[in-house]
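S.K.: Sequence plus the predicted model coming up.
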Amino acid sequence: MRLLALGGLLGAALAYLFDPDSGRRRRALARDRSAGTVRSGRRQSGRLVRRVSSDARGVTRKLQHRGQKQKPQPNDATLARTVESEIFRDPDVPKGKIDVNAENGIVFLRGEAERPEMIDDLEQQVRKVPGVQGVENLLHLPGEPAPARPATS
């Protein structure tokens, strides 16, 4: 039964393509469409090959860098200057009223902040700086005494 159906389909396709009136045009259309499909397949396979090769290159680079050592811990002076440049980017931070020091990766913030939120914001910004091991926040509001010990957080 299947063979009969297959024979019927093949006969219909041949009659369609070799029709004396329109067969030449139909064969040309089929040839053009199949050539376009082949070109499209080549383009897509080329894109796939390029993507897979660049993914593989990226994975090998990740593996190469995974074995490398991390950057050494910056010295205290460099760390303090890095923290200063980070927190003083905000024009609302009073540059002359805040002192930044670092000892063994721990950053000390001393001075006056204008608002209570600013004290917490500055501490959070400092914690995000690479190389900071800890933060001792000794900031206070104007008119309040300077804390002798860091606020526990």
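M.R.: Structure's in. What do you need?

S.K.: Return the helix or strand in the protein with minimum mean pLDDT.
M.R.: helix 2-17 (a mean of 88; mean pLDDT, DSSP states H and E).

S.K.: roughly how far is the next helix or strand after it from the heart of the chain?
M.R.: Later in the chain than helix 2-17, the nearest helix or strand by DSSP states H and E is helix 23-66. Centroid separation for helix 23-66 versus its chain: 27 Å, with Cα atoms, centre = their mean, to the nearest Å.

S.K.: what about the residue located most distally from the centre of the chain, distance to residue 26?
M.R.: In the chain, counting by Cα atoms, centre = their mean, residue 20 sits farthest out from the average C-alpha position, at 62.1 Å. For residue 20, the distance to residue 26 equals 11 Å [Cβ to Cβ, to the nearest Å]. All C-beta atoms are positioned from the backbone trio N, CA, C, and that covers glycine.

S.K.: packing partners for the helix or strand hosting residue 126?
M.R.: Secondary structure assigned from DSSP H and E places residue 126 in helix 116-128. Helices and strands touching helix 116-128, by 3 or more Cβ pairs under 8 Å, 6 or more residues apart in numbering; DSSP states H and E, are helix 76-87, strand 106-112, strand 134-140.

S.K.: Give me the residues contacting it.
M.R.: Under the criterion Cβ atoms under 8 Å, 6 or more residues apart in numbering, residues 83, 86-87, 92-93, 98, 107, 109, 113, 132, 135, 137, 139-141, 153 lie in contact with helix 116-128.

S.K.: Now the two most distant members of those residues.
M.R.: 132 and 141 (23.7 Å; Cβ to Cβ).

S.K.: Which one's more surrounded, those two?
M.R.: Set residue 132 next to residue 141 and count neighbours by other Cβ atoms under 10 Å: residue 132 wins out with 19 against 12.

S.K.: Name the nearest residue to the more buried one, sequence neighbours excluded.
M.R.: residue 107 (5.5 Å; Cβ to Cβ, 6 or more residues apart in numbering).

S.K.: The one you found: neighbour count?
M.R.: 26.

S.K.: again with residue 125
M.R.: Neighbours of residue 125 using other Cβ under 10 Å come to 17.

S.K.: With residue 10 as the reference, measure out to it.
M.R.: Relative to residue 10, and taking Cβ to Cβ, residue 125 is found at 76 Å.

S.K.: what about the chain, any weak spots by pLDDT?
M.R.: 149-153 (pLDDT under 70).
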